[in-house]
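Q: Structure for the following, please:
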Amino acid sequence: MGGLNYSSLLMVADFQLFLPHPSPRLISCSKAHSLVRDMGVAMVKECDWCGTANEDHLIFCRACGSTIEGGPDSMVECSDLHPKIKIASSELFRWGHYAPCVLEAYKALEGHVKEKSGRYDLSGRSLMSEVFSPKDPILGLNALCNESDKDEQEGFMLLFMGAMVGVRNPRAHEIVMEKDAYSTMEYLMLASMLAKRVDESKRLK
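A: Numbering: from 1, shown residues only. The predicted model follows:
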């Protein structure tokens with residue numbers, strides 16, 4: 001066991017008991033019963049977020065049998081977020097870890113830009129200003145054939161730069177308390193929109 005004896009293993013096990021473990025986020029029904037996810041619910045309603053009768057997106061009350069539309073934790077699962085953003089954020093969102101959720105989404109956005117542009121040597125604001133520069137872009141968001149096209153290219157360059165400086169950086173370098181699922185979802189939607197523009201862009205060099 002690489003030098004670990006039985007006593008050492010017990011110490012590791014005891015230490016793990018004190019590590020923080022996420023607990024399920026419960027919602028209460030109108031009768032104040034705890035509502036928990038139930039994959040086998042028989043009666044379903046349409047999900048407010050995706051419009052389908054999908055059991056995964058509903059909450060079922062074991063106490064009284066009532067169902068309600070999925071709570072905030074189902075937003076990411078039901079949304080049309082870009083796949084890279086959804087993969088990076090869904091699990092953290094589900095457990096209510098909103099600040100890390102936003103951070104991982106914007107790290108995924110940055111990685112997506114690096115992958116599409118091939119500029120792995122840059123990061124953050126520098127990456128975005130270089131890749132989307134209206135003067136000599138690596139990724140073109142349009143045909144760049146007139147002033148409106150150049151304005152759009154510059155505007156989105158500033159949005160990408162702002163996403164790194166204003167959203168990603170504070171959560172990467174400071175302790176940010178994010179408690180609102182709905183504002184978190186808005187951050188994810190912005191990241192998703194930008195990631196989709198990366199998909200639509202054309203590599204010019």
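
Q: check contacts around the residue nearest to residue 124 when sequence neighbours are not counted.
A: Ranked by CB to CB, 6 or more residues apart in numbering and with sequence neighbours excluded, the top spatial neighbour of residue 124 is residue 164, at 4.4 Å. For the C-beta atoms, the positions are set from N, CA and C on the backbone; glycine is no exception. With contact taken as CB atoms under 8 Å, 6 or more residues apart in numbering, residue 164 is in contact with 106, 110, 124, 125, 127, 128.

Q: and if you look at residue 85?
A: Contact partners of residue 85, counting by CB under 8 Å, 6+ apart, are 105, 108, 109, 188, 191, 192, 195.

Q: Now the phi/psi pair for it, please.
A: The phi/psi pair for residue 85 (degrees, to the nearest 10) reads phi -70, psi -40.

Q: go on, residue 140?
A: Dihedral angles (degrees, to the nearest 10) for residue 140: phi -90, psi 130.

Q: does it really touch residue 201, like I thought?
A: Yes - using CB atoms under 8 Å, residue 140 is in contact with residue 201, at 6.1 Å.

Q: So for those two, which sits in the more crowded spot?
A: Neighbours per residue, other CB atoms under 10 Å: of residue 140 and residue 201, the larger number sits with residue 201, 21 against 17.

Q: any idea how far residue 172 is from residue 100?
A: Relative to residue 172, residue 100 is positioned 10 Å away (criterion: CB to CB, to the nearest Å).

Q: So which of the contacts of residue 85 sit within helices?
A: Counting by DSSP state H, the contacts of residue 85 place 105, 108, 109, 188, 191, 192, 195 in helices.

Q: wait, doesn't the last one sit right on residue 87?
A: This points to residue 195. No - counting by CB under 8 Å, no contact exists between residue 195 and residue 87, whose distance comes to 11.1 Å.

Q: and for the two, which residues touch both?
A: In the contact map built from CB under 8 Å, 6+ apart, the residues linked to both residue 195 and residue 87 are residue 108.

Q: Of these two, give the one with the bigger neighbour count.
A: residue 195 (24 against 14).
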